[in-house]
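*Asks:* the amino acid sequence is not available; the structure is as follows:
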Ligand SMILES: Cc1ncc(COP(=O)(O)O)c(C=O)c1O
């Protein structure tokens, strides 16, 4: 028997020396502190936290994706819905019973101030912060905070949980299906987003099962290859470039907090944006994600939720784009806005611009 007792602890593949090469990717080291628990997805992280809790109900914003609602139900809890005010801040019920948690979303990574205020309005012991759109926002003392790094960079899956709940036991089983969720990432490099879109959807659907699993080894390694510092500064400067171009058109004023890192620049206008999204995709290969069509059945007419659903163009501001690319994006969006509704494509169903 070989004595490896003096080797540092590592996983089986890391013990190997020599042989064929793996993909050459940089290793910037572990990007998250050790109290960030690593799961297959943010929804499985949320389910794990709730399953190990005293809660029986979770208050959710109606304006949210179905995966969160599913995770709450799969944990055996009852989801109930609340509305938002014009700042996208929750309308908090007068009293929240002790068996109930309240989940608040840091929308687009641009609601750090709202989340900070929630800590004064809801007991931190009942507060869950959904930072899936705010990868760089600190957990700051809520009962649980979840993150989803794949919304900020090319990753097959992965979710993070920071929780005050000491009862959480990490699942024994590790996700081993990340390899099968890689196709869209590679097709996008080798070909186009259009050609990878079906794989992107399939990869997302393969996370529908919310059973908590530990993050795969592949995703854990891919996370170490992301230049988080570059991501932060590029996103902030791209956001500011878009803000300089569109703040006068935007019906909402977004304030980029000094340490906030945005997911996108939400351009909210006075008309339905579905035709605009389709025109941008068809004419310019510009793909604008839609958040969240599935929430429509939960939301009431005339609220801010409807405005965000129908009138918001979530313009990309991510680290892939140089100022020149952002300028092209600005020019294309202006051209479509100026063309007016009648000169845009008649069909509003885009084959690709949904998320
Ligand atoms: C607001 C919000 N919370 C949570 C999630 C779940 O994240 P994940 O896909 O990592 O499970 C999503 C994903 O779509 C989301 O949009």
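*Replies:* Sure thing, it's come through. Here the structure is a predicted model, which means the values were calculated and not measured.
*Asks:* now residue 81, what's its secondary structure?
*Replies:* strand (DSSP: H, G, I helix; E, B strand; the rest coil).
*Asks:* what's the local residue count around the closest residue to it other than its chain neighbours?
*Replies:* Here the nearest residue to residue 81 in space, its sequence neighbours aside, is residue 62; by CB to CB, 6 or more residues apart in numbering that works out to 4.4 Å. Just so you know, the C-beta spots here come from the backbone N, C-alpha and C atoms, and that holds for glycine as well. Other residues near residue 62 number 18, with proximity taken as other CB atoms under 10 Å.
*Asks:* these two touch, right, residue 62 and residue 79?
*Replies:* No - Residue 62 lies out of contact with residue 79 (CB atoms under 8 Å); the separation is 10.2 Å.
*Asks:* where in the protein is pLDDT low?
*Replies:* Along the chain, segments meeting pLDDT under 70 span 1-10, 342-355.
*Asks:* show me how it divides into domains.
*Replies:* 23-173+210-223, 228-343 (automatic domain parsing).
*Asks:* next, the closest residue to residue 164 other than its chain neighbours: phi, psi?
*Replies:* Once flanking residues are discounted, residue 164 sits nearest to residue 143: 5.3 Å by CB to CB, 6+ apart. Backbone torsions for residue 143, taken as degrees, to the nearest 10, come to phi -60, psi -40.
*Asks:* since we're on residue 33, how many residues are nearby?
*Replies:* Neighbour count for residue 33, taken as other CB under 10 Å: 8.
*Asks:* can you report how many residues lie near the residue nearest to residue 164?
*Replies:* Residue 143 has 22 nearby residues by other CB under 10 Å.
*Asks:* list the buried ones in the biggest helix by length in the chain?
*Replies:* Counting residues, the longest helix in the chain under DSSP state H turns out to be helix 228-246. Neighbour-count burial for helix 228-246 flags 228, 231-232, 234-236, 238-243, 245-246 (criterion: 16 or more other CB atoms under 10 Å).
*Asks:* quick check, distance from that helix to the centre of its chain.
*Replies:* The chain centroid and the centroid of helix 228-246 are separated by 17 Å under CA atoms, centre = their mean, to the nearest Å.
*Asks:* the very next helix or strand once past that helix packs against which elements?
*Replies:* Per DSSP states H and E, the first helix or strand lying C-terminal to helix 228-246 is strand 264-268. With contacts taken as 3 or more CB pairs under 8 Å, 6 or more residues apart in numbering; DSSP states H and E, strand 264-268 sits against helix 228-246, helix 304-311, strand 312-316.
*Asks:* pull out the buried residues from stretch 132-141.
*Replies:* Neighbour-count burial for stretch 132-141, counted by 16+ other CB under 10 Å, picks out 132-137, 139.
*Asks:* quick check, nearest of those to the ligand?
*Replies:* Comparing the buried residues of stretch 132-141 against the ligand with CB to the nearest ligand atom places residue 132 closest, at 3.9 Å.
*Asks:* would you mind giving the secondary structure of that closest one?
*Replies:* Secondary structure, three-state DSSP: residue 132 is coil.
*Asks:* up against the ligand, what does this structure have?
*Replies:* Within the chain, the positions adjacent to the ligand are 41-43, 64-65, 67-68, 105, 130, 132-133, 148, 159, 207 by CB under 6 Å from any ligand atom.
*Asks:* can you tell me which of those are in strands?
*Replies:* Of the residues of the chain next to the ligand, the ones assigned to strands by DSSP state E are 105, 130, 159.
*Asks:* out of those residues, which end up buried?
*Replies:* 105, 130, 159.
*Asks:* who does the second one form a beta bridge with?
*Replies:* In this structure, residue 130 has the following beta-bridge partners (DSSP bridges): residue 105, residue 146.
*Asks:* touching, it and residue 105? I think so.
*Replies:* Yes - counting by CB under 8 Å, residue 130 does reach residue 105; the two are 4.4 Å apart.
*Asks:* what is in contact with those two at once?
*Replies:* Residues touching both residue 130 and residue 105 by CB atoms under 8 Å, 6 or more residues apart in numbering: residue 64.
*Asks:* who are the contact partners of the closest residue to the ligand within the stretch 51-200 of the chain?
*Replies:* Using CB to the nearest ligand atom, the closest approach of the stretch 51-200 of the chain to the ligand is made by residue 148 at 3.4 Å. Residues counted as contacts of residue 148 (CB under 8 Å, 6+ apart) are 41-42, 132, 135, 158-160.
*Asks:* try residue 310
*Replies:* Applying CB under 8 Å, 6+ apart, one finds that residue 310 lies in contact with 272-274.
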